[in-house]
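1. Sequence plus the predicted model coming up.
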Amino acid sequence: MNNSKLLFAEAKKYLPGGVNSPVRSFYGVTGDPIFFKSGKGAYLTDADGRQFLDYVCSWGPLILGHAHPHVIAKVSETLQQGLGFGASTEIEVKLAKKVCELMPTIEMVRFVSSGTEAAMTAIRVARGFTKRNKIIKFAGCYHGHADSLLVSAGSGALTLGIPSSAGIPDAVAQETLVAEFNRLDEVKALFARYGNEIAAVILEPVAANMNLILPNDGFLAGLRQLCDEYKSLLIYDEVITGFRIAKGGATAHYGVQPDLIVLGKIVGGGLPAAAFGGKAEIMRTLAPLGPVYQAGTLSGNPLAMAAGLATLELLEMPEFYDDLSAKSRTLTEGLERTAKRAGVALQTRHIGGAFGLFFTESATIESEGDVKRCDLQLFKRFFHGMLSEGIYFAPSAFEIGFISASHTEEDIQRTIHIASKVFTDLATKQFDFPLNGGV
Ligand code: PLP
């Protein structure tokens with residue numbers, strides 16, 4: 001038995017399912033999870049010393065790669081001053097200024113410790129500001145695990161088949177209205193019925209928790225128009241897309257402005273920080289200025305602020321996003337080409353440093369239903385085939401792939417080469433999953 005298996009057996013005694021976050025359990029792909037002990041650049045090393053090329057990147061924060069020297073140096077420097085003071089520090093002001101510069105929709109920002117907290121509080125602010133209770137969200141979009149947002153949720157909730165969690169009172173769930181992503185007609189119908197009760201529409205402008213779904217032309221602009229008409233707020237959850245698909249996130253990429261933006265992952269540079277922000281008029285409803293309460297012992301923690309600031313500084317390098325997008329394109333085009341050659345039906349999507357793989361003949365991938373119709377068994381076999389060759393993709397057909405600045409052209413060509421062998425096996429052999437592989 002290898003070390004990962006031994007550790008997982010021990011973990012299951014003390015942690016429900018052996019994990020602290022469900023998708024990590026490999027429930028979505030069967031088999032036992034891998035325990036990692038270090039990461040450097042685009043590579044991870046597991047508890048048995050095996051190396052993996054990593055397309056998960058800590059689920060998105062590590063856009064520069066693991067243990068980037070600039071980030072490590074800034075965090076180490078800050079660490080020498082102490083772990084945090086529960087009081088204001090200069091570095092949180094610097095990061096706030098940087099976020100406002102990079103995302104001009106954000107005139108004021110508040111830092112919190114997780115994307116869940118950020119999305120939850122953005123909703124509270126929207127309700128406090130509009131004095132309305134209902135929200136509209138989209139099936140398969142994930143905004144963390146706050147009660148009102150765990151209705152028809154994506155990510156792990158979708159992977160585990162529990163998109164609407166137990167433990168949420170009906171009274172709370174009833175305030176959440178759900179539409180299909182990209183279906184403006186459904187949103188229009190909800191507004192026509194509940195118009196002046198709707199505080200906000202919240203969405204991932206590029207849906208990245210039911211694999212990767214891009215907004216159809218006119219979808220975001222249509223939402224903006226409806227929100228203006230009914231005086232509701234438009235909230236973009238850019239926890240994944242922020243600083244990943246463009247320096248200014250999906251807001252800059254698509255040019256349709258929301259009222260509030262939720263950030264996480266990259267803004268904390270790999271440490272626990274997230275944020276939400278927007279128009280000053282709306283943000284002023286937050287305590288201590290206004291009546292909407294929110295607080296956090298570790299909010300604005302200096303180590304997390306240092307990691308976030310160090311990361312954002314490097315994203316401003318010229319060509320950063322062109323390079324990242326070119327890598328995603330090379331990878332997805334290469335995978336599609338080799339899959340086709342082997343007779344495997346594969347569609348892909350990519351934007352900035354994010355990509356999605358769909359095992360399906362259908363070129364239409366616009367909503368949660370389209371993703372659910374993909375061949376999930378084939379994905380599992382692909383996942384394990386790649387893993388056994390040392391390539392680590394997210395262990396769920398509903399999660400996306402992440403590319404970092406540390407992934408090289410050679411890494412990507414090697415991935416395509418290995419995938420071509422795996423695709424041939426998928427098309428010709430009925431192999432069992434070579435569980436928990438690695439090189
Ligand atoms: N919003 C989106 C779009 C996410 O992808 C996630 C997590 O993956 C969250 C919110 C919740 O963030 P966290 O896991 O930091 O609570």
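-> That came through fine. Residues are numbered from 1 along each chain as shown.

2. Near the residue of the stretch 51-200 of the chain found nearest the ligand, how many other residues are there?
-> Evaluated by CB to the nearest ligand atom, the stretch 51-200 of the chain has residue 115 as its residue closest to the ligand, separated by 2.2 Å. Any C-beta I mention is one placed from the backbone N, CA and C, and that applies to glycine too. Residue 115 is flanked by 30 other residues according to other CB atoms under 10 Å.

3. before we move on, what about the one 3 residues further on?
-> Applying the criterion other CB under 10 Å, we find 32 residues in the vicinity of residue 118.

4. Am I right that it is in contact with residue 277?
-> No: applying CB atoms under 8 Å, one finds residue 118 not in contact with residue 277, separated by 9.3 Å.

5. Leaving aside the residues adjacent along the chain, what's closest to the residue of the stretch 51-200 of the chain closest to the ligand?
-> Beyond its immediate neighbours in the sequence, the residue positioned closest to residue 115 (CB to CB, 6 or more residues apart in numbering) is residue 264, lying 3.2 Å away.

6. for the one you found, what are its contacts?
-> With contact taken as CB atoms under 8 Å, 6 or more residues apart in numbering, residue 264 is in contact with 114, 115, 118, 239, 240, 242, 273, 274, 275.

7. go with 10 Å
-> Shown here is residue 264, whose contacts under the criterion CB atoms under 10 Å, 6 or more residues apart in numbering are 59-61, 112-119, 144, 237-240, 242, 272-276.

8. Which of those residues fall in helices?
-> Residues from the contacts of residue 264 lying in helices, with DSSP state H as the criterion: 115, 116, 117, 118, 119.

9. mind checking pLDDT for the residue nearest to residue 128 when sequence neighbours are not counted?
-> Leaving out its chain neighbours, the residue that sits closest to residue 128 by CB to CB, 6+ apart is residue 292, at 3.8 Å. At residue 292, the pLDDT value in this model is 98.

10. Doesn't residue 38 belong to a helix?
-> No: read with DSSP: H, G, I helix; E, B strand; the rest coil, residue 38 is strand and lies in no helix.

11. How about the contacts made by it?
-> Contact analysis of residue 38 by CB under 10 Å, 6+ apart lists 44, 45, 46, 47, 49, 51, 66, 67.

12. If any of those residues are buried, give me the ChimeraX selection for them.
-> Typed into ChimeraX, the next command selects the buried ones out of these (criterion: 16 or more other CB atoms under 10 Å):
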select :44,45,46,47,66
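
13. With pLDDT and secondary structure as extra columns, can I get the contacts of residue 38 in a markdown table?
-> Putting the contacts of residue 38 into a markdown table (pLDDT from 0 to 100; DSSP: H, G, I helix; E, B strand; the rest coil) gives the following:
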| residue | pLDDT | secondary structure |
| --- | --- | --- |
| 44 | 98 | strand |
| 45 | 98 | strand |
| 46 | 98 | strand |
| 47 | 98 | coil |
| 49 | 97 | coil |
| 51 | 98 | strand |
| 66 | 98 | strand |
| 67 | 98 | coil |
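
14. nearest to residue 327, of the contacts of residue 38?
-> Distance from residue 327 was checked for each of the contacts of residue 38 by CB to CB. The minimum falls on residue 66, at 16.4 Å.

15. Name the next helix or strand downstream of the longest helix seen in the chain, please.
-> For the chain, the helix with the greatest residue count under DSSP H is helix 320-342. Toward the C-terminal end, the helix or strand that comes next after helix 320-342 (DSSP states H and E) is strand 347-351.

16. ok so, going back, between residue 118 and residue 277, which contacts overlap?
-> Shared between the contact lists of residue 118 and residue 277 (criterion: CB under 10 Å, 6+ apart) are residues 109, 110, 111, 260, 261, 262, 263.

17. could you dump the residues you listed to CSV with secondary structure?
-> Listed next are these as CSV, based on three-state DSSP:
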residue, secondary structure
109, strand
110, strand
111, strand
260, strand
261, strand
262, strand
263, strand
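
18. Can you lay out the residues you listed as CSV showing pLDDT?
-> Written out in CSV, the entries for the shared contacts of residue 118 and residue 277 read as follows (pLDDT from 0 to 100):
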residue, pLDDT
109, 98
110, 98
111, 98
260, 98
261, 98
262, 98
263, 98
